[in-house]
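got a sequence here, can you build the structure:
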Amino acid sequence: MEAVTHVEGRAYPWGAENIDTDIIIPAHWLKTITREGLGKGAFESVRAKPGNVFDDPRYAGAPILIAGDNFGCGSSREHAAWALGDMGVKAVIAPGFSDIFSGNAFKNGIVTVVLPQEAVDRLIEVAKTDEITIDLETMTVTTPFQDRFTFTLDPFRRECLMQGLDEIGITLAKDTAISNYENAVGQSRPWIKRESGNEGIAI
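Residues are numbered from 1 along each chain as shown. The predicted structure follows:
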């Protein structure tokens with residue numbers, strides 16, 4: 001997972017509330033066995049309407065999405081986070097998120113920033129003309145107009161995002177400790193292993 005310390009750039013000034021995961025990525029896209037290409041199906045029903053924000057060239061490739069409250073509700077499909085990541089979104093700002101979506105976003109390196117509705121409304125206005133910066137070191141969202149909004153993240157999630165550690169990376173980071181534990185257990189409780197040739201096989 002790529003480390004994220006700050007996200008800067010244009011933002012989709014959407015603000016729609018109660019967007020469920022079926023709107024983020026429709027069910028007929030879930031047959032894929034890879035994360036690649038899902039960005040083409042992201043917000044398919046929204047993109048079917050002329051003049052939608054996702055096909056506006058002013059926001060092409062924007063790394064930030066500004067959404068409304070309860071973003072990511074509905075089914076728990078991780079494909080929603082995959083689709084956002086595939087379309088280049090690295091952070092979503094909203095007044096609130098579904099817990100499951102927020103967890104899936106974190107596991108896929110997407111920052112979920114919770115801000116009051118008033119701050120979200122202001123950022124939507126700024127995003128129509130200017131860039132926005134999200135900084136995980138200072139835990140702030142700023143604009144070129146001296147706006148500065150603070151947010152909070154679970155300390156563990158923040159550290160993982162900044163170090164680029166997903167669940168596999170977290171485990172691998174403890175490889176030495178795990179190996180030391182296994183060796184100690186093997187010596188103190190040898191009956192949990194039996195030898196087969198030169199390999200130790202756990203039973």
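
kindly report the domain assignment for the protein.
6-165, 173-202 (automatic domain parsing).

in terms of mean pLDDT, which of these ranks lowest?
When these are compared on average pLDDT, domain 173-202 comes out lowest at a mean of 67.

re earlier: so which of the domains of the chain is the most packed in?
Mean neighbours per residue, mean count of other Cβ atoms under 10 Å, is largest over the domains of the chain for domain 6-165, with a mean of 18. Backbone N, C-alpha and C define where each C-beta goes, glycine included.

just give me how far that one sits from the chain centre.
Centroid separation between domain 6-165 and its chain, computed with Cα atoms, centre = their mean, to the nearest Å, is 8 Å.

and the end-to-end length of that domain?
One end of domain 6-165 to the other measures 15 Å (Cα to Cα, to the nearest Å).

then stretch 126-143?
7 Å.

residue 15 contacts residue 123, correct?
No: the pair formed by residue 15 and residue 123 falls short of the contact definition of Cβ atoms under 8 Å, at 9.2 Å.

what do these two both touch?
Counting by Cβ atoms under 8 Å, 6 or more residues apart in numbering, the residues touching both residue 15 and residue 123 are residue 66.

and the nearest residue to residue 143 once chain neighbours are set aside, its phi and psi?
Leaving out its chain neighbours, the residue that sits closest to residue 143 by Cβ to Cβ, 6 or more residues apart in numbering is residue 126, at 4.6 Å. Main-chain torsions, residue 126, degrees, to the nearest 10: phi -60, psi -40.

give me the distance from the longest helix anywhere in the chain to the chain's centre.
Ranked by residue count under DSSP state H, the longest helix found in the chain is helix 175-188. Centroid separation for helix 175-188 versus its chain: 34 Å, with Cα atoms, centre = their mean.

residue ranges of the helices in the chain, please?
Using DSSP H, the helices of the chain run over 21-24, 44-47, 79-86, 99-107, 117-127, 155-163, 167-173, 175-188.

let's have those helices in a markdown table, adding distance to residue 145.
Formatted as a markdown table, the helices of the chain follow (distance: least, Cβ to Cβ, whole Å):
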| stretch | distance to residue 145 |
| --- | --- |
| helix 21-24 | 30 |
| helix 44-47 | 28 |
| helix 79-86 | 27 |
| helix 99-107 | 27 |
| helix 117-127 | 7 |
| helix 155-163 | 26 |
| helix 167-173 | 37 |
| helix 175-188 | 47 |
